[in-house]
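> give me the fold of what follows.
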Amino acid sequence: MRINLEPIGIIKKSGKCSEILIYSDFDHLVRSMMSKLGKSENAEHDVLIVHKSQESDDLHQVQITKTNLIDRVGNILRVGKIDATDDSVIDVRLDIKDSLTKDI
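Predicted structure coming up:
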């Protein structure tokens, strides 16, 4: 089954890091995610990036990559290195699993 998904951004390599350019139509997603971080924006947090799979032979259309959020400038998220270039980004989420288990 094929599903058509509209991308919210694109992944670009930037030296030792990767940058995710979030399209302006979806900048509210970035603001919402950053508001969940509160005052601790300077600390590195893990994020889950859902993006197009690089493997054309692969039956999976998307890939999920866990990396760390380094910083944000406007609608550009600088993250740890992702093995993807010019791939469409479908979603970006905070990985809150670790923070939930610490509270228990």
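> which regions of this protein sit below the pLDDT cut-off?
Applying pLDDT under 70 to the chain picks out residues 1, 38-44, 54-60, 97-104.
> biggest strand in it by residues?
Counting by DSSP state E, the longest strand found in the chain is strand 62-73.
> who touches the following helix or strand past it?
Using DSSP states H and E, the helix or strand that follows strand 62-73 towards the C-terminus is strand 76-79. Contacts to strand 76-79, defined as Cβ atoms under 8 Å, 6 or more residues apart in numbering, come from residues 14, 17-22, 30, 47, 49, 67-72, 92. No exception for glycine: its C-beta is placed from N, CA and C like everyone else's.
> what's the first helix or strand after strand 76-79?
According to DSSP H and E, the helix or strand after strand 76-79 is strand 88-94.
> list the buried residues in that following strand.
For strand 88-94, the neighbour count (16 or more other Cβ atoms under 10 Å) marks S88, V89, I90, D91, V92 as buried.
> in stretch 24-31, what counts as buried?
Buried residues in stretch 24-31 (16+ other Cβ under 10 Å): F26, L29, V30.
> starting at the chain centroid, how far to stretch 80-100?
On the basis of Cα atoms, centre = their mean, to the nearest Å, stretch 80-100 sits 3 Å off its chain's mean C-alpha point.
> start the count at 337, not 1, going forward
Shifting the count to begin at 337 puts that one at stretch 416-436.
> hmm, who's touching it?
So stretch 416-436 is contacted by 341, 343-349, 352-354, 356, 358, 365-366, 369, 372-373, 381-388, 390, 398-399, 401-404, 406, 413 (Cβ under 8 Å, 6+ apart).
> filter those to the buried ones?
Burial by neighbour count, judged by 16+ other Cβ under 10 Å, picks out 344-348, 353-354, 356, 358, 365-366, 369, 381-383, 385-388, 399, 401, 403, 413 from these.
> those in strands, which ones?
Counting by DSSP E, these contribute 345-348, 353-354, 356, 358, 381-383, 385-388, 399, 401, 403, 413 to strands.
> in the chain, which helix has the most residues?
Longest helix in the chain, counting residues (DSSP state H): helix 363-373.
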